[in-house]
Structures are given as structure tokens and as C-alpha cells.
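>>> Sequence plus the predicted model coming up.
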Amino acid sequence: MEKYSVRKPFTVLVAVIAVLALGFVSVTNMTMDLLPEISMPYLVIVTTYAGASPERVESEVGIPIEEAVGTISRVKNVTTNAAENYCMTQLEFEDGTDMDSATVKVSGALDQVTLPDACGKPSIIELSTDMIATLYVAVEHEGDDIYELSDYAEDTLIPAIERVDGVASVTAIGLVEKEVLVKLNPRKIDSLNNKILKAAVKALDEAEEQLSAAEEAVEEGQKALQEQEKSFGGTLASALFRSSTARQGTLPRP
């Protein structure tokens, strides 16, 4: 090596300069990444079905999706988790699968599936190391209780961190929210219901009495009307008879 360096000093100089240049370029472009990007052969399909039980979700959503995506090439395993209001289907592909192409195929297969009208559009999520949290931060604020600390973290700290360049999402764990628990007294409810029932029964009885009185008044009115009609008919007939007799008495004799 020494003899070669003495005989070829220019070649050695060029090699040293090239190594230094490559080292400089590598150092300046090197980034710090504790979790490098790794392509994982997994896709997750999430479908919402509001108000449906797990059994209904499985039969109407999970099984049709499994049958549709199970025939896609290079699919290794299909796992479905049916829960209340949603269904999650996980697809495992063979190593070396082009996940972009697999996503397109899965999307095309889902377009052929007929789901209930109440279902939301299936969402396709590609699993990757970018979805794993890279930093956990504990929050403490002197002089605040757990409620004030939760409000501070949610209203001030989290929005500030989300505005930092490179931050994709921020998830808070352990925040406490105030809730109001209303507990009703069954005895008082029953007593109030009884009072309302008695008042309603009394009002119905009074209304029934008024209706009966109104019916009696209508019947009496009808009877009085009939008597007046009879009296009016008799008076009219008598008047007509008297008028006819009077006319006959005044006629000249032949």
C-alpha cells in the first residue's frame, strides 16, 4: 500500500478527496430518525354502521367485505373485528407487495360491495411506522388542579404543539372532563305521577259531566223544537181553515 501510494500519489489524492466529499455530503444530508420509514404489508378497512349491534355489523358488513377482499391477489390473511357501530377488517399481504397497487385493488373491490344505507363509506388505512407516536410528554402546571390542568392542555398546549412544523397529530391521554350526574328519586317520581294521574282523572270526569249536561240540553232543545213545530203546524192549519170558511160564507147565492 505504501509503495503504491508513493508511485501513484495523484491517484491517492483523488481518492482521498472523493472520500472526503462523500463524507461531507452524507453528514450534511443526514437526518435524525429514531423510527425509520418501513413499508408494512398491512391494510385496515374501517366501516361505520351507526346503531347496529355487533352481530348485525358482522353479518351485514364484515362478511361481505371479507368475501370481496379475500379474492385479491397476494392477500395472506383477512381478520375482521365486528363491534357495536363499526367494523374493522385487517388485510395482511405477502412480503414485497406494492402497497399502493394493493390499496387501489382493495378500493375497487369495496366499490362492488353492497352495504346497508346506514353504513358510512369504508376507509382504507395503510399501517406504517409513521402512525406510532415518536414522543411522549408529561404535562405539569404548578398551582392547578386536575381540571384546570386538563383545560390548559386541551385549550393552550395541544394547539401550540400542533402548529409546530413536522407534527402530524397530537393525542392527549388522561384528560379529565367535568360531568353532571343526575339521580332521580323513584318515590318522588311515583308521587308526582300519582298527583298528575289524579288531576287528569278529575279533569276527565269534569269534562264528561259537562258533556253529559250538554247532551241533555241538546235533547231538551230538540223536544222543545218539536213541540213548537207541532204547535206552529196546528196554529197554521187552524188559521187556514178559518180563512177558507170565511171565504165560503161570503160567496153570493145563485
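Thanks, I have the structure now.
>>> Can you tell me the SS state at residue 137?
When states are read from DSSP: H, G, I helix; E, B strand; the rest coil, the local structure at residue 137 comes out as coil.
>>> what about it, neighbour count?
By the criterion of other CB atoms under 10 Å, residue 137 has 9 neighbours. All C-beta atoms are positioned from the backbone trio N, CA, C, and that covers glycine.
>>> quick one, phi psi at it?
Here the main-chain torsion angles of residue 137 (degrees, to the nearest 10) amount to phi -130, psi 130.
>>> what's the answer for residue 72, then?
phi -70, psi 140.
>>> For it, which non-adjacent residue is spatially closest?
Spatially, and ignoring its direct neighbours in sequence, residue 72 is nearest to residue 105 (5.1 Å; CB to CB, 6 or more residues apart in numbering).
>>> For residue 139, list the residues it contacts.
149, 152, 153, 157 (CB atoms under 8 Å, 6 or more residues apart in numbering).
>>> secondary structure element for the residue nearest to residue 72?
With elements delineated by DSSP states H and E, residue 105 resides in helix 99-111, which encompasses its position.
>>> so who does the residue nearest the centre of the chain touch?
Most central residue of the chain, judged by C-alpha distance to the mean C-alpha position with CA atoms, centre = their mean, is residue 50 at 6.1 Å. Contact partners of residue 50, counting by CB under 8 Å, 6+ apart, are 85, 118, 120.
>>> Serialize those to CSV and add fields for secondary structure and neighbour count.
Shown next, in CSV, are these (DSSP: H, G, I helix; E, B strand; the rest coil; neighbours: other CB atoms under 10 Å):
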residue, secondary structure, neighbour count
85, coil, 12
118, coil, 11
120, coil, 12
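>>> so which strand or helix has the nearest residue to residue 58 once chain neighbours are set aside?
The shortest distance from residue 58 to any residue that is not its chain neighbour, by CB to CB, 6+ apart, is 3.7 Å, and that residue is residue 82. Secondary structure assigned from DSSP H and E places residue 82 in strand 75-83.
>>> Could the C-alpha coordinates of that strand be exported in CSV?
Provided in CSV are the C-alpha atoms of strand 75-83 (Å, rounded to 0.1, in the frame of the first residue of the first chain):
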residue,chain,number,x,y,z
VAL,A,75,-53.6,-11.4,0.3
LYS,A,76,-52.2,-13.6,3.0
ASN,A,77,-54.7,-13.3,5.9
VAL,A,78,-58.0,-11.4,6.5
THR,A,79,-59.1,-10.6,10.0
THR,A,80,-62.4,-8.9,10.9
ASN,A,81,-63.3,-7.3,14.2
ALA,A,82,-67.1,-6.5,14.5
ALA,A,83,-68.1,-4.2,17.3
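>>> Residue 40 should be in a strand, yeah?
Yes: residue state for residue 40 (three-state DSSP) corresponds to a strand.
>>> That one reaches residue 128, doesn't it?
Yes: here residue 40 lies in contact with residue 128, judged by CB atoms under 8 Å, at a distance of 5.8 Å.
>>> All the strands of this protein, residue numbers only.
Ranges of strands within the chain are 39-48, 75-83, 86-93, 123-128, based on DSSP state E.
>>> the inter-axis angle of the longest one versus strand 123-128?
Looking back up the chat, that one is strand 39-48. Following axes from the mean of the first three to the mean of the last three CA atoms, to 10 degrees, one obtains 150 degrees for the angle between strand 39-48 and strand 123-128.
>>> what are the pairing partners of strand 39-48, and which direction each?
strand 86-93 (antiparallel), strand 123-128 (antiparallel) (DSSP bridges).
>>> winner for burial among these?
Ranked by average neighbour count under the criterion mean count of other CB atoms under 10 Å, these are headed by strand 86-93 at a mean of 20.
>>> Now the terminal residues of stretch 168-180, how far apart.
Taking CA to CA, to the nearest Å, the span from the opening residue of stretch 168-180 to its closing residue is 34 Å.
>>> average model confidence for it?
Computed over stretch 168-180, the mean pLDDT rounds to 80.
>>> Contacts for that stretch, please.
Applying CB under 8 Å, 6+ apart, the external contacts of stretch 168-180 come out as 130, 133, 146, 147, 150, 153, 154, 158, 161, 162.
>>> Sounds good, over and out.
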